[in-house]
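Colleague: Show me how the following folds:
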Amino acid sequence: FYVHEFAICDRSPFFDKAMKPEWADQRPDPRVIELPDDDPAAFSLYLHWLYTKKLPVLPDDQESPSYEGFHNLAYAYVLGERLMDIEFKNVVADAYVLYARGTAPGKQHYPSNEDVRILYEGTSEGSPIRQLLIDIW
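Modeller: You can find the predicted model right below:
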């Protein structure tokens with residue numbers, strides 16, 4: 001992914017620190033940061049939000065979310081945790097709330113066991129998303 005440095009460093013303390021000369025000079029290419037443990041779809045979602053301030057997985061009145069969409073949300077939250085982007089994590093948490101409330105009567109959707117596993121394994125004890133999952137269930 002190609003990202004404007006100032007845009008991402010402004011949002012993410014992780015990238016802000018990683019791009020400082022004392023850290024950047026330790027990489028073969030100081031302009032490249034590898035995130036091998038993070039899901040590319042989640043990072044794509046993050047970049048979309050970074051540039052538009054919109055999360056393209058929010059429910060609409062016509063369609064049900066796919067399980068893949070929920071998995072992307074779970075991985076996106078974990079990515080937000082690693083990048084230390086609180087605003088992004090809040091937007092993802094808001095998406096879970098909107099899905100649980102439903103966009104129309106009878107259209108509530110809840111995180112799957114797999115989503116719960118992803119979020120619990122990717123966050124620390126006391127993470128707000130864990131409490132939200134408990135509240136949703």
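Colleague: Please count neighbours and contacts with C-alpha atoms only from this point.
Modeller: OK.
Colleague: Nearest the geometric middle of this structure, what residue?
Modeller: residue 76 (2.3 Å; C-alpha atoms, centre = their mean).
Colleague: show me the contacts for that residue.
Modeller: Counting by C-alpha atoms under 8 Å, 6 or more residues apart in numbering, residue 76 touches 39, 42-43, 45-46, 89, 92.
Colleague: Same check on residue 91?
Modeller: residue 55.
Colleague: Ok, residue 74 next?
Modeller: 115-116, 118-119.
Colleague: repeat that with 6 Å
Modeller: Counting by C-alpha atoms under 6 Å, 6 or more residues apart in numbering, residue 74 touches 115, 119.
Colleague: Look at it and report its pLDDT.
Modeller: Per-residue pLDDT puts residue 74 at 93.
Colleague: Let's verify it: helix, strand, or coil?
Modeller: helix (DSSP: H, G, I helix; E, B strand; the rest coil).
Colleague: cool, and residue 8?
Modeller: Applying three-state DSSP: residue 8 is helix.
Colleague: Just give the number of residues close to residue 137.
Modeller: When neighbours are defined as other C-alpha atoms under 10 Å, residue 137 has 9 of them.
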